[in-house]
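J.: what's the 3D shape of this:
(one chain, ligands or ions: 1)
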Amino acid sequence: APIIFWFRRDLRLSDHPGFAEAARSGRPVIPVFIRDELVDGLGAAPKWRLGQGLESLAADLERRGSKLIFRSGDALQALRALVAETGADTVCWTRAYDPDSIRRDSAIKAALRGQGIEARSHSGHLLFEPWTVANRSGLPYKVFSPFWRAVRGREVAAPEAAPSRLAAPDVLPASEDLGSWALGRALRRGAEVVRTFVRPGEAVAHEKLENFIHEKLPRYPELRDRPDVDGTSGLSEYMALGEIGPRTVWHTVMRALQSGVPGAEAFLRQLAWREFSYHLMFHSPVLLTGNWKPEWDGFPWSEDSGQPHVVAWKRARTGVPIVDAGLREMYVTGRMHNRVRMLAASYLTKHLMTHWKIGMDWFADCLIDWDPAANAMGWQWVAGSGPDAAPYFRVFNPATQAERFDPDGSYRRRWVAETQAKPPKTAEAYFRAVPRRWGLSPRSEYPDPIVRLDDGRRAALAAYQAGKSRV
Ligand code: FAD
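T.: Residues are numbered from 1 along each chain as shown. Next up, the predicted model:
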């Protein structure tokens, strides 16, 4: 009988434990992607990017004699229908760790097993399953460094190669048309602007990794904080959608480490931050929805997402060039450099005294590398409410940070057009991307700072002092 393989955020064929097992069985494999309510609930940019990844995966499967079947609706019903149509007796997938997926997947597993169908979930999204890492008291970690020490020397299984051919069933089940789903519809700035910056798919992810190892890894520790330099791997969007597996990245970088490439250790540590975010989310799903440290409940953050300061922040018109540059980069490309993510988040939660959830939601709408755990951890880390967070009173000064990490201003010039006689195409792309009703053009005046940096800092610290007994 055929095996149904349900793809979700694991859009690849190599380094794929679940898919490799299905392929090895020699039985016909029916790959399916289901547009269920969790897919419908994605933000605009990640949903569009998912569509790109699906196109690429579908083409990769076709090259191996298979075909990705698209279905929409409730996932259990869709899987049951496929089982009935194909006579499959097994359904497998790669595990997800956010509470909504866990709830859905557990219910599906129980229901399928109840009707005599084998239902199996596999590892693959992470290097270390969250329940396999615990401190000496058997509890989950809350601080990164001991987590890193605990996993640093662990054995990581070697990644499987992609199967070269796949057995297909005699009759393929019907598929919906991916194009008709219009996954890019909500991307109001027009997929055509974002598209010019994006190259989806597993093959590109591998190419990026190789290029990074050879060209950038040696200087990673020194350049990773510089938004003006292309010094990081750019792998996050591929990792978020599973277009490349973490074991592939880990082993490739480990080999570099063993041959003495200096940046390798620092890079593995960053990969472990990704693992840590999943560890936190799995063990404390509150990470996604509320202050991880409850002492922060009641902190006087504004929760009004329509207030003018928040609108200015989202539109990248705060008058603080490094913050605006980052927000524009994200709006246009779906990505933002890590250092600038921290500055934009700090500015919102401190200078503008706005709740981190408002920022997190905006990122979830705009980032093509959106990842539930990394995004929530990033925001709570900057806001001060998260585990192992930066202390709230350490307010980044965006002006001095810009001088330090974008010393000649080239990153800001790449994204902020108004101050330049001849802005580069990147800076102008923002004006092509924004909705007409915002009434902006490269000839618009660049705004004065919406708050003076000193005033914003003082107000944030005063609020912190006032609530200090609690937080
Ligand atoms: P590299 O420096 O090349 O790092 C390699 C990989 O390690 C990344 O691809 C990523 O998978 C992982 N990684 C690196 N830093 C972190 C980190 N701090 N936390 C978790 N994983 C990390 N990352 C996302 O993937 N999705 C998000 O939605 C996201 N939201 C964020 C929000 C805020 C407020 C902040 C401060 C950070 C956020 N990050 C997020 C983490 C980080 O900014 C990105 O992973 C990084 O910029 C991606 O670029 P890169 O792949 O070139 O990184």
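
J.: rest of the way, CA atoms for contacts and neighbours
T.: Will do.

J.: Could I get the full set of helices for the stretch 351-471 of the chain?
T.: For the stretch 351-471 of the chain, helices defined by DSSP state H, counting those that start in this stretch occupy the ranges 356-366, 372-383, 398-405, 410-415, 425-433, 453-466.

J.: gap between the shortest one and the chain center?
T.: Distance of helix 410-415 from its chain centroid, counting by C-alpha atoms, centre = their mean, to the nearest Å, is 24 Å.

J.: Quick check: residues of the stretch 51-200 of the chain near the ligand?
T.: Applying C-alpha under 6 Å from any ligand atom, we find that the stretch 51-200 of the chain lies next to the ligand at no residue.

J.: Give me the below-cutoff pLDDT ranges for the stretch 51-200 of the chain.
T.: For the stretch 51-200 of the chain, no stretch is flagged by pLDDT under 70.

J.: In it, what residue comes closest to the ligand?
T.: Using C-alpha to the nearest ligand atom, residue 126 is the residue of the stretch 51-200 of the chain that sits closest to the ligand, at 10.4 Å.

J.: Test my guess that that residue contacts residue 246.
T.: Yes - judged on C-alpha atoms under 8 Å, residue 126 makes contact with residue 246 at a distance of 6.2 Å.

J.: Show the contacting residues for the residue of the stretch 51-200 of the chain closest to the ligand.
T.: If a contact means C-alpha atoms under 8 Å, 6 or more residues apart in numbering, then residue 126 has 246-247, 275 as its contacts.

J.: Which of the residues you listed sits closest to the ligand?
T.: Taking C-alpha to the nearest ligand atom as the measure, the ligand lies nearest residue 275 of the contacts of residue 126, at 7.3 Å.

J.: My read is that the closest one contacts residue 127, right?
T.: Yes - under the criterion of C-alpha under 8 Å, residue 275 makes contact with residue 127 at 7.2 Å.

J.: So for the two, which sits in the more crowded spot?
T.: Using other C-alpha atoms under 10 Å, the more surrounded residue of residue 275 and residue 127 is residue 275, with 25 against 21.

J.: Show me the domain layout of the protein.
T.: Here the domain parsing of the chain from automatic domain parsing is 1-125, 126-155+192-283, 294-466.

J.: Now do the longest one, average pLDDT.
T.: This points to domain 294-466. Across domain 294-466, pLDDT averages out at 95.

J.: close to the ligand, is it?
T.: Yes - if you take C-alpha under 6 Å from any ligand atom as the test, domain 294-466 does meet the ligand, through 337-338, 341-342, 345, 369-371, 374-375, 378-379.

J.: Please report the distance of residue 220 from the ligand.
T.: As defined by C-alpha to the nearest ligand atom, to the nearest Å, residue 220 lies at a distance of 8 Å from the ligand.

J.: Please tell me how far that residue sits from residue 234.
T.: For residue 220, the distance to residue 234 equals 12 Å [C-alpha to C-alpha, to the nearest Å].

J.: For residue 275, which residues are in contact?
T.: Counting by C-alpha under 8 Å, 6+ apart, residue 275 touches 126-128.

J.: hmm, back to that, am I right that the residue of the stretch 51-200 of the chain closest to the ligand is in a helix?
T.: No - if the criterion is DSSP: H, G, I helix; E, B strand; the rest coil, then residue 126 is coil and not within a helix.

J.: What does the pLDDT read for residue 234?
T.: Confidence at residue 234, expressed as pLDDT, is 98.

J.: so it, which of the three states?
T.: Judged by three-state DSSP, the three-state class of residue 234 is coil.

J.: Now do the contacts for the closest residue to it other than its chain neighbours.
T.: Spatial nearest neighbour of residue 234, chain neighbours left out: residue 208 (7.4 Å); criterion: C-alpha to C-alpha, 6 or more residues apart in numbering. Contacts of residue 208 were listed using C-alpha under 8 Å, 6+ apart, and they are 233-235.

J.: Now do the contacts for residue 402.
T.: Going by C-alpha under 8 Å, 6+ apart, residue 402 touches 322, 409.

J.: Need the distance between the two termini of stretch 388-400.
T.: 24 Å.

J.: what's the answer for stretch 342-355, then?
T.: Across stretch 342-355, the terminal residues are separated by 15 Å (C-alpha to C-alpha).

J.: Pull the distance from that stretch to the chain's centre.
T.: That offset, for stretch 342-355, works out to 20 Å (C-alpha atoms, centre = their mean).

J.: Next one: residue 98 relative to residue 165, how far apart?
T.: 33 Å.

J.: To clarify, my last question referred to residue 80.
T.: Distance from residue 80 to residue 165, by C-alpha to C-alpha: 26 Å.

J.: Spell out the residue ranges of the helices in the stretch 51-200 of the chain.
T.: Under DSSP H, counting those that start in this stretch, the stretch 51-200 of the chain gives helices at 75-86, 99-114, 144-152, 191-195.

J.: Let me have the contacts of residue 208 in JSON lines, adding neighbour count as columns.
T.: Shown next, in JSON lines, are those (neighbours: other C-alpha atoms under 10 Å):
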{"residue": "233", "neighbour count": "19"}
{"residue": "234", "neighbour count": "16"}
{"residue": "235", "neighbour count": "18"}
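
J.: So which of the residues you listed reach the ligand?
T.: Filtering the contacts of residue 208 for proximity to the ligand by C-alpha under 6 Å from any ligand atom leaves 233-235.

J.: Need phi/psi at the nearest residue to residue 58 once chain neighbours are set aside.
T.: Once flanking residues are discounted, residue 58 sits nearest to residue 68: 5.3 Å by C-alpha to C-alpha, 6+ apart. The phi and psi values for residue 68, taken as degrees, to the nearest 10, are phi -80, psi 120.

J.: got the contact list for residue 68?
T.: Per C-alpha under 8 Å, 6+ apart, neighbours of residue 68: 30-33, 57-58, 61-62.

J.: Could you rerun that using 10 Å?
T.: By C-alpha atoms under 10 Å, 6 or more residues apart in numbering, residue 68 lies in contact with 5-7, 30-33, 54-55, 57-62, 172-173, 175.

J.: try residue 218
T.: With C-alpha under 10 Å, 6+ apart, residue 218 has these contacts: 212, 231, 256, 260-264.

J.: Kindly confirm my reading that it is in a strand.
T.: No - counting by three-state DSSP, one finds residue 218 to be helix, located in no strand.

J.: ok, the closest residue to it other than its chain neighbours to residue 291 distance?
T.: Of all residues not flanking residue 218 in the chain, residue 263 sits nearest, at 4.8 Å (C-alpha to C-alpha, 6+ apart). Distance, residue 263 to residue 291, by C-alpha to C-alpha: 34 Å.

J.: follow-up on the earlier one: now the helices of the stretch 51-200 of the chain in CSV, with mean neighbour count?
T.: As requested, the helices of the stretch 51-200 of the chain are arranged in CSV below (neighbours: other C-alpha under 10 Å):
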stretch, mean neighbour count
helix 75-86, 17
helix 99-114, 15
helix 144-152, 15
helix 191-195, 17
